[in-house]
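**Student:** sequence plus the predicted model coming up.
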Number of protein chains: 2
Amino acid sequence: MTSRLDLFIDRMVSQRACLDFAIAETAVMQGPVFELGLGNGRTYHHMRNRIRSRNIYVFERAVASHPDSTPPEEFTILGDVNATLPETLSRMGAVASLIHADLGGHNREKNDIFARKVSPLIEPLLAPGGMMVSSDRMYFADLAEVPLPEGAVPERCFVYQKPHG
Amino acid sequence: MTSRLDLFIDRMVSQRACLDFAIAETAVMQGPVFELGLGNGRTYHHMRNRIRSRNIYVFERAVASHPDSTPPEEFTILGDVNATLPETLSRMGAVASLIHADLGGHNREKNDIFARKVSPLIEPLLAPGGMMVSSDRMYFADLAEVPLPEGAVPERCFVYQKPHG
């Protein structure tokens, strides 16, 4: 039987595989990267490590990350994503080259309700060709689900892409 | 460069590989298994899943685990391990077939100080042939360091064994 440790390892390994893939696929794009939910900052640390020439904005209610992995203030967008995502859209437009979300808690049902709610707020922020990586299944109107890269475990991570122009 | 996400994945994967190895190596033993530090209970869930005929006692200051992964009260030893480990030794003797510890926080130096402090409290609890799996290097007088199993990353996990009788 699969243990919670097995599931967790699959989720982390898949998250890294999908992120590395989406970072490479969008490397020619100039637009910023959005990290939704900072948590303790491990994934942000990873993205900062692999993304060289794009700004990374972090959306978070309240920053409580490891000191190594705390974003600069000018790239931190504090508040509830239900408010900050639409605000960012009116300020910046459809600019994001990559959006990553690991919003999920332990409760699958709650995660799914939340995913349905934020999907329409995330979708318009992506530039044409931009990608979205999520630990939960999302509900987008016009993004295509992209086949998972090698090393990712089905259902543990999801990759989406906005059609090119 | 290695990111904090990379390190974390290596640590979790190594922990599982070392645990599965030590569970198999000690499977013929009857003595209980001790889990030092429950955290959110993922590793306990994994051990309960793979260990069929041994009792698993959990040592923890205060239980705050996922509901799926909370040990029964009679197998929970509440309190500071500096007190509960010696108490358990006087009550049960050198009985443990396997002890697992993931006591570490984010601070390497603090982890090392703590490892030096608890090592002499852990060592006498093991039965002859019993094994200890730790995410930090431990400081034992008479336990042998066991070569890591396949899949474990050096320095991310450590396995020790008390000499057979």
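**Tutor:** Sure, I can see it.

**Student:** okay, CA-based contacts and neighbour counts for the rest of this
**Tutor:** OK.

**Student:** just checking, which helix or strand succeeds the longest strand anywhere in chain A along the chain?
**Tutor:** Longest strand in chain A by number of residues (criterion: DSSP state E): strand A:126-134. Moving toward the C-terminus from strand A:126-134, the next helix or strand (DSSP states H and E) is strand A:144-145.

**Student:** residues contacting that following strand, please?
**Tutor:** With contact meaning C-alpha atoms under 8 Å, 6 or more residues apart in numbering or on different chains, strand A:144-145 is reached by A:158, A:159, A:160, A:161, A:162, A:163.

**Student:** ok, now which ones touch residue A:31?
**Tutor:** Contacts of residue A:31 (C-alpha under 8 Å, 6+ apart): A:54, A:55, A:95, A:96, A:97, A:127.

**Student:** just the buried subset of those residues, please.
**Tutor:** With neighbours counted by 16 or more other C-alpha atoms under 10 Å in any protein chain shown, the contacts of residue A:31 contain buried members at A:54, A:95, A:96, A:97, A:127.

**Student:** thinking again about what came up before, can you redo the contacts of strand A:144-145 as TSV with distance to residue B:27 and secondary structure?
**Tutor:** TSV is the format used below for the contacts of strand A:144-145 (distance: C-alpha to C-alpha, whole Å; DSSP: H, G, I helix; E, B strand; the rest coil):
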residue	distance to residue B:27	secondary structure
A:158	38	strand
A:159	41	strand
A:160	45	strand
A:161	48	strand
A:162	52	coil
A:163	54	coil
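
**Student:** from residue A:133, how far out is the residue nearest to the spatial centre of chain A?
**Tutor:** By C-alpha atoms, centre = their mean, chain A has its centre lying nearest to residue A:100, at 0.8 Å. For residue A:100, the distance to residue A:133 (C-alpha to C-alpha, to the nearest Å) stands at 5 Å.

**Student:** elements contacting the longest helix belonging to chain A?
**Tutor:** Secondary structure assigned by DSSP state H gives helix A:4-25 as the longest helix of chain A. Packing partners of helix A:4-25 (3 or more C-alpha pairs under 8 Å, 6 or more residues apart in numbering or on different chains; DSSP states H and E): helix A:42-50, strand A:96-101, strand A:126-134, strand A:158-161, helix B:4-25, helix B:42-50.

**Student:** buried ones in the very next helix or strand once past the fifth one?
**Tutor:** Towards the C-terminus, the helix or strand next in line after helix B:4-25, according to DSSP H and E, is strand B:33-36. By neighbour count on 16+ other C-alpha under 10 Å, the buried set for strand B:33-36 is B:33, B:34, B:35, B:36.

**Student:** from chain A, how far off is the third one?
**Tutor:** Pointing back at residue B:35 there. Distance from residue B:35 to chain A, counting by C-alpha to the nearest C-alpha, to the nearest Å: 14 Å.

**Student:** kindly report the same for the last one.
**Tutor:** Counting by C-alpha to the nearest C-alpha, the separation of residue B:36 from chain A is 16 Å.

**Student:** same check on the first one?
**Tutor:** As defined by C-alpha to the nearest C-alpha, residue B:33 lies at a distance of 18 Å from chain A.
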